[in-house]
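[1] Following is a predicted model, sequence given first.
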Amino acid sequence: MKKLLLLFFGFAFFGACFVKAPQNPLSDSILNMLIYRCRAGIDPGCGAGGKDPNQPVSDPTEAEVCSDTPLQVIQPSEWSKVQAELQAQASKGSSGPPTATTFGTIPDAFAFSGAVLGKNGKIYPIPSSSSNFVELDPNTNTFTTIAPAPGAFSWFGGILSPNGNIELISADSFTFASLDPVAHTVTNYGTSSGAASYAGGVMAPNGNYYPMPSNAITFSMIDPISRSQTNFGTTPLSLAYSGAVLGPNGKIYLVPARASQFAELDPNTNSITNFSSFIFSFDGKWAGGAIAPNGKIYVAADSYSFFMRINPEVPSFTLLDPAPGGLSQYSGMVLAPNGKIYGIPFQATSFLELDPDTLTFTYFGTAPGGGAWMGGILAPNGKIYGVPYNANTFVEIDPKANGRICDAILQSAYLNKF
């Protein structure tokens, strides 16, 4: 500003005989000119604190919650902020109807069960019978083999640890495992009975994660930092649950596979509360679910004839639209930035878009059936990636969302789990 004053006074002194008094440097016209030059990059030194103008600056409109860590995001006290941000992005809508496109080749059958988004923005499918760990880059739709995997239905689902590792949930493996996405190393820890012990899991606000019992006879709480394991309670029967969803209240809602009731797990007390009984048990009712901006949970129809909505506030469930019919229809639900939820086809022959505000179900595209994909994950680019079980190829679901979900929420247990 001093240079500006000198410029004006110098012109008055050396210029023509009659010169008007210089304009007030604090006037609107001068300030507007300076602001314009700063924003246009004409004056590179005008940034606050002398910051490099070529470096990205934080968006002042970004929600406060987006500055949290993924673990801070899932504290119940933060839900109102998370909800507001999800609703803000959903309000931006979509630019067109959703599409589904396959890419890549995976030779293994029964290859992967679920995936986890890493802190680096890459996707890590969880090996079931795949002979390799792979790292998927959603920016290029290419994947790289990073480590060997044992195959033999080792793991089913995973979570992102606060330290950035990918925690693998035991299926037929007799241990849990941790994948370091930087060093590309795998470390086994804990104990499991194998024989389809667990099916999916979720991180809790206490920093521990909870694998969902399938054939395991107890529940487990696992500290991914110390790699310690605490077993508690008893499961109602074999093949009990398939996945879970973290609710806004910090409690975990278990999705019944063969279990005859939904269940609410309180991580503060490691207690289980059953609710909403069925008349009888049968295998594979539902498989996984997703939380919506309205705070309710939407559950994928596996072999049951209806989709389901869980209200964590009560807790209770509501039957929604009939599913297409058949066995093992969908293998999970994924929330997109437009506020809609997308079903991942397993045996189903079409993709699903669910609008939780209107409870409208829209089917689109063509899926091959045959146990095609097992779960999916939302990437930073706003697209959803389904991982191959028997499809031998990945699938990219583009919801054409205009908004984007920030990394803190994207990496949190609300979205980042299977």
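    Sure thing, it's come through.

[2] give the contact list for Pro380.
    Neighbour list for Pro380: Leu117, Gly121, Pro138, Arg404, Asp407, Leu410 [criterion: Cβ atoms under 8 Å, 6 or more residues apart in numbering]. Where C-beta positions appear, they are placed from N, C-alpha and C, glycine not excepted.

[3] And it, how close does it get to Asp172?
    Distance of Pro380 to Asp172, computed by Cβ to Cβ, to the nearest Å: 32 Å.

[4] List the beta-bridge partners for Leu246.
    Leu246 has these beta-bridge partners by DSSP bridges: Ile252.

[5] With Gly295 as the reference, measure out to it.
    Distance of Leu246 to Gly295, computed by Cβ to Cβ: 11 Å.

[6] So for the two, which sits in the more crowded spot?
    Just comparing Leu246 and Gly295: by other Cβ atoms under 10 Å the higher neighbour count belongs to Leu246, 26 against 18.

[7] List the single closest residue to Asn338 in space, sequence neighbours excluded.
    Nearest residue to Asn338, sequence neighbours excluded (Cβ to Cβ, 6 or more residues apart in numbering): Ala401, at 3.8 Å.

[8] Alpha carbons only: can I get the host helix or strand of Ala100 in PDB?
    In this structure, Ala100 sits in strand 99-103 according to DSSP states H and E. The C-alpha trace of strand 99-103 is given here as PDB (Å, rounded to 0.1, in the frame of the first residue of the first chain):
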ATOM      1  CA  THR A  99     -24.100 -45.600 -15.500                       C
ATOM      2  CA  ALA A 100     -22.000 -48.700 -14.800                       C
ATOM      3  CA  THR A 101     -18.900 -49.600 -16.700                       C
ATOM      4  CA  THR A 102     -16.500 -52.600 -16.300                       C
ATOM      5  CA  PHE A 103     -12.800 -52.500 -16.600                       C
END
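
[9] Now find how far off-centre that strand is within its chain.
    19 Å (Cα atoms, centre = their mean, to the nearest Å).

[10] Restricting to C-alpha, output the following helix or strand past that strand in CSV.
    Downstream of strand 99-103, the next assigned helix or strand under DSSP H and E is strand 112-117. The C-alpha coordinates for strand 112-117 follow below in CSV (Å, rounded to 0.1, in the frame of the first residue of the first chain):
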residue,chain,number,x,y,z
PHE,A,112,-12.4,-60.4,-3.3
SER,A,113,-14.9,-59.7,-0.6
GLY,A,114,-15.3,-55.9,0.0
ALA,A,115,-12.8,-53.1,-0.2
VAL,A,116,-11.3,-50.3,1.8
LEU,A,117,-10.4,-46.7,0.8
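
[11] hmm, back to that, next up, the contacts around the residue nearest to Asn338.
    By Cβ under 8 Å, 6+ apart, the residues touching Ala401 are Gln89, Lys92, Gly93, Ser94, Ser95, Ala336, Pro337, Asn338, Gly382.

[12] Ignoring the adjacent residues along the chain, who's closest to the first one?
    When you say that, I think you mean Gln89. Leaving aside its sequence neighbours, Gln89 sits nearest to Gly403 (Cβ to Cβ, 6+ apart; 3.2 Å).

[13] can you give me the strands for the stretch 151-300 of the chain?
    Using DSSP state E, counting those that start in this stretch, the strands of the stretch 151-300 of the chain run over 155-160, 166-170, 176-180, 185-189, 198-203, 209-213, 219-223, 228-232, 241-246, 252-256, 261-266, 271-277, 286-291, 297-301.

[14] Can you add distance to Pro345 and mean pLDDT and give those back as a markdown table?
    A markdown table is the format used below for the strands of the stretch 151-300 of the chain (distance: least, Cβ to Cβ, whole Å; pLDDT from 0 to 100):
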| stretch | distance to Pro345 | mean pLDDT |
| --- | --- | --- |
| strand 155-160 | 18 | 98 |
| strand 166-170 | 22 | 98 |
| strand 176-180 | 26 | 98 |
| strand 185-189 | 29 | 98 |
| strand 198-203 | 18 | 97 |
| strand 209-213 | 21 | 98 |
| strand 219-223 | 30 | 98 |
| strand 228-232 | 34 | 98 |
| strand 241-246 | 16 | 96 |
| strand 252-256 | 17 | 95 |
| strand 261-266 | 24 | 94 |
| strand 271-277 | 26 | 89 |
| strand 286-291 | 11 | 93 |
| strand 297-301 | 10 | 94 |
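
[15] If I look at Arg39, what pLDDT would I see?
    What the model reports for Arg39 is a pLDDT of 41.

[16] related to what we said a few turns ago, looking at the contacts of Pro380, spot the one nearest Ser238.
    Nearest to Ser238 out of the contacts of Pro380 is Leu117 (Cβ to Cβ; 31.0 Å).

[17] for the strands of the stretch 151-300 of the chain, which one sits closest to Leu359?
    Each of the strands of the stretch 151-300 of the chain has some distance to Leu359 by Cβ to Cβ; the shortest is strand 297-301, at 9.5 Å.

[18] what residues does the closest one touch?
    With Cβ under 8 Å, 6+ apart as the test, strand 297-301 has contacts from 245, 247, 253, 255, 286-292, 307-310, 312, 317, 320, 323, 329-333, 341, 343-344, 354, 356.

[19] Show me what that strand pairs with in its sheet, parallel or antiparallel.
    If you go by DSSP bridges, strand 297-301 pairs up with strand 286-291 (antiparallel), strand 306-311 (antiparallel).

[20] May I have stretch 84-97 exported as PDB, CA atoms only?
    Output in PDB follows, covering the C-alpha atoms of stretch 84-97 (Å, rounded to 0.1, in the frame of the first residue of the first chain):
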ATOM      1  CA  ALA A  84     -25.200 -31.100   7.300                       C
ATOM      2  CA  GLU A  85     -22.300 -31.700   5.000                       C
ATOM      3  CA  LEU A  86     -23.900 -34.800   3.500                       C
ATOM      4  CA  GLN A  87     -27.100 -32.900   2.900                       C
ATOM      5  CA  ALA A  88     -25.300 -30.000   1.400                       C
ATOM      6  CA  GLN A  89     -23.500 -32.200  -1.100                       C
ATOM      7  CA  ALA A  90     -26.700 -34.100  -1.900                       C
ATOM      8  CA  SER A  91     -28.600 -30.900  -2.600                       C
ATOM      9  CA  LYS A  92     -26.300 -30.400  -5.600                       C
ATOM     10  CA  GLY A  93     -28.000 -33.300  -7.300                       C
ATOM     11  CA  SER A  94     -26.900 -35.200 -10.400                       C
ATOM     12  CA  SER A  95     -26.000 -34.200 -13.900                       C
ATOM     13  CA  GLY A  96     -27.700 -37.200 -15.500                       C
ATOM     14  CA  PRO A  97     -28.700 -40.800 -14.900                       C
END
